[in-house]
Each structure stands twice: as structure tokens, then as C-alpha cells.
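Asker: Structure for the following, please:
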Amino acid sequence: GSRLAVARDDGIVSLINLNDLDAPPQNWSHDSAAYMAVFSPNGNVLGVGTSSGKTYIWDVENVFYVLGATHVDEVYALDFSANGEWMVSGGADSVARATKVGVERAARGAMQHGDWIEFIEFGPSGDWFATASDDNNLRIWDVETQVEKLRMSHNGFVIRVNISPNGAWVASTGYDQTARVWDTVSGSEMIHIPLDARGTAILFSEDGSRLFVGDADGNLTLWDTSSLLSRLNIIEFPELVREVHYSPSGEYLAVNTDARDLRLLPVAQTLELRDGTEIEAVLKADGLTYDVTYSPDSSWVVAAASRQ
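Answerer: Next up is the predicted model:
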């Protein structure tokens, strides 16, 4: 948790030492704009996706990389398995590719989609992952065989997915103004939640009993999924809710919106809070904020802004 990786449009990924903010960052160069920079769960490896379609797998301590999967268009979805053995990437070429970490050009197969891949997330076991695509589908794939195990459909682009901590359910949302919860074994739709605007963010609570859904109207809705469906609260914001993240400590919920700020909502207040702006912003930016992340000890929260 002592390093922060920042992907930049000039092809540089900057590694910032959070224990010494006065120290110059390490700058690692790539062939084109760096769109994604994601650490493996143990922090020893950094995956980078670029606008040229190349992916890079960096050894953080020894500062060298091997090339991962190569796509024919921009990469803006990437995740690692829980054990760090696999990295899966996807993006504008509508193909997901799995790479065995630590092996040069060890990409496996082409997992074809009908349109752009918006999001990728591994299940907790590390042997399967979910993809969200503009072809209106959520898919679950076996990482070893690259076989499509399940396909679940929306009526519009699927923008975000989130998998419950026990891996039993996967939640999805997108342009059809619904949030849905699916069984990861059968693919059955367990919960169907109508929204007033397109879905933009989705997140299970740490015990999987609650679901947060953000939408383009600036609403963050809290649902009780333990009894399959019960709306617990709506927290209003002035602009689109872009991302929602629990802190590792479980104390705070980071919410960044198109109001160009980031707020940390105390989890204990999420059942009573109605107006999200009652919680003071911890970060204000000149441009839209994206890609919020915490340090593992919850002492830092960071958001990338669109204006450098």
C-alpha cells in the first residue's frame, strides 16, 4: 500500500511513493497512451493497458516487464485473479484475453464479444471472471479454458458488474435503467431493480447482504439483498454517480460524481443520510474524477482527474 500507480495519456505510468511524497516518482514508458494501471492483489505486479492494444505486466520490485496480451484496439478493462496467476484484459476490439502472469506473451485464446468490453472482474476463487459488454450481455468465463460458462442479458449496454464476496451472485447495471442480480451457477436472474436513469455504478457490501447502485441522475440507492429485494435508502447527489467503493477498513464509502468531487460517506450513516452533499468533499477537482482507489490500510484515497 505504499505505492500509487498513475496511468497517463503520454504513455507514462508514474509510481508515487506515498511514504515520501517529496521523492520524484518512478516513470515507466509505454508505446502509447496508458489507459489502465492495476496492481495484482499482492502488489508485486502491475498490469498496464494501452491505447495501442498492448498490455504490459511489470515486476514492481525489479522494474522490468513482459508483454501480455495484444489487442487490435484500445484496452480499458483489466483485472487480476485473487492468486495473481492470471490477468484478463479487454476493450474496444470486443475481445477478452487471459494472460498467465510472468510468462512472455502467454496470452490464451480470444473470448469474443459482440461489442466493446466495458468492465472485467474476477470471482473470489480466481478460476472464473465476469465481463460487461456493449453487446447488452454479462458473461462468465472459465479462465483456464476460456470457455463461456454463462450469458445473462440486459436490454442495453452493460456498463458495470460486481461480484458478491462469496462469489454466489453477480450484479450488473447499464443503459437499460435496471440493476440485476444473477446466480453465478445457474445464470438465473434473482433480483430485478428498475432505475430512474441509466446505471453507472454497482457495489455489494462486504457481507453481500446489501447492494449500492449509482445512476446518471445522481442517485445512490441502497438495497437489502438478504431478503432478495427491499429498498433501504436513496442518497441524492447533484450529478451522475460515477463510482462507489468501500474502504478496506469497512468504515467509509467513497463516492465520486460528475460534480467534480469525492466524498467519504460513513457506512454507519448510509441508512439515514438523504443528501450526499451533507458530507463534506475530501477532494475537489477541476475536471471529472475517475478511478478511485484506497491504500490497503485505508489511510489514503485517490482519484484520477481528467485535467491532468
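Asker: Check which element follows the helix or strand bottoming out on mean pLDDT in the chain along the chain.
Answerer: Every helix and strand in the chain was compared by mean pLDDT, DSSP states H and E; the lowest is strand 107-112, with a mean of 81. Remark: after strand 107-112, the chain's next helix or strand is strand 117-122, criterion DSSP states H and E.
Asker: Show me what that next one is packed up against.
Answerer: For strand 117-122, the elements it packs on are strand 75-80, strand 86-91, strand 95-100, strand 128-133, strand 158-163, judged by 3 or more C-beta pairs under 8 Å, 6 or more residues apart in numbering; DSSP states H and E. The way it works is simple: take the backbone N, C-alpha and C, and place the C-beta from them, glycine included.
Asker: rerun that using 7 Å as the cut-off
Answerer: Strand 117-122 is packed against strand 75-80, strand 86-91, strand 128-133, strand 158-163, with contacts defined by 3 or more C-beta pairs under 7 Å, 6 or more residues apart in numbering; DSSP states H and E.
Asker: can you list those in JSON lines and add mean neighbour count?
Answerer: Below are these laid out as JSON lines (neighbours: other C-beta atoms under 10 Å):
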{"stretch": "strand 75-80", "mean neighbour count": "23"}
{"stretch": "strand 86-91", "mean neighbour count": "28"}
{"stretch": "strand 128-133", "mean neighbour count": "25"}
{"stretch": "strand 158-163", "mean neighbour count": "24"}
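Asker: which outside residues touch stretch 153-172?
Answerer: Residues outside stretch 153-172 that contact it (C-beta atoms under 7 Å, 6 or more residues apart in numbering): 118-119, 121, 123-125, 130, 132-134, 136-138, 173-176, 178-184, 190, 199-204, 206-208, 211.
Asker: List only those of the residues you listed flagged as buried.
Answerer: 118-119, 121, 123, 130, 132-134, 136-138, 173-176, 178-182, 184, 190, 199-204, 208, 211 (16 or more other C-beta atoms under 10 Å).
Asker: Narrow those residues to those in strands?
Answerer: Among those, the members falling in strands (DSSP state E) are 118-119, 121, 130, 132-133, 137-138, 173-174, 178-182, 190, 199-204, 211.
Asker: And the strands in the stretch 201-308 of the chain?
Answerer: Per DSSP state E, counting those that start in this stretch, the stretch 201-308 of the chain carries strands over the ranges 210-215, 219-224, 230-236, 241-246, 252-257, 261-266, 281-284, 289-294, 301-305.
Asker: Low-confidence regions, the stretch 51-200 of the chain specifically.
Answerer: Within the stretch 51-200 of the chain, the set of residues satisfying pLDDT under 70 comprises 103-108.
Asker: Quick check: buried residues in stretch 278-292?
Answerer: Of all the residues in stretch 278-292, those buried under the rule 16+ other C-beta under 10 Å are Ile279, Ala281, Leu283, Ala285, Leu288, Thr289, Asp291, Val292.
Asker: Also stretch 13-23?
Answerer: Val13, Ser14, Leu15, Ile16.
Asker: Can you tell me the SS state at the second one?
Answerer: Looking back up the chat, that one is Ser14. Here Ser14 is strand, with the state taken from DSSP: H, G, I helix; E, B strand; the rest coil.
Asker: Report the contact partners of it.
Answerer: Shown in contact with Ser14 (C-beta under 7 Å, 6+ apart): Val6, Arg8, Pro25, Asn27.
Asker: repeat that for 6 Å
Answerer: Applying C-beta atoms under 6 Å, 6 or more residues apart in numbering to Ser14 gives the contacts Val6, Pro25, Asn27.
Asker: Now the first one. Nearest residue, chain neighbours left out?
Answerer: This points to Val6. The shortest distance from Val6 to any residue other than its chain neighbours is 4.6 Å, reached at Ser14 (C-beta to C-beta, 6 or more residues apart in numbering).
Asker: The one you found bridge partners, please.
Answerer: Ser14 has the following beta-bridge partners by DSSP bridges: Val6, Asn27.
Asker: Just the pLDDT for it.
Answerer: Ser14 carries a pLDDT score of 97 in this model.
Asker: now do the one 4 residues further on
Answerer: For Leu18, the model assigns a pLDDT of 92.
Asker: I'd assumed Ser2 was in contact with it.
Answerer: Yes. Leu18 is in contact with Ser2 according to C-beta atoms under 6 Å; the separation is 5.4 Å.
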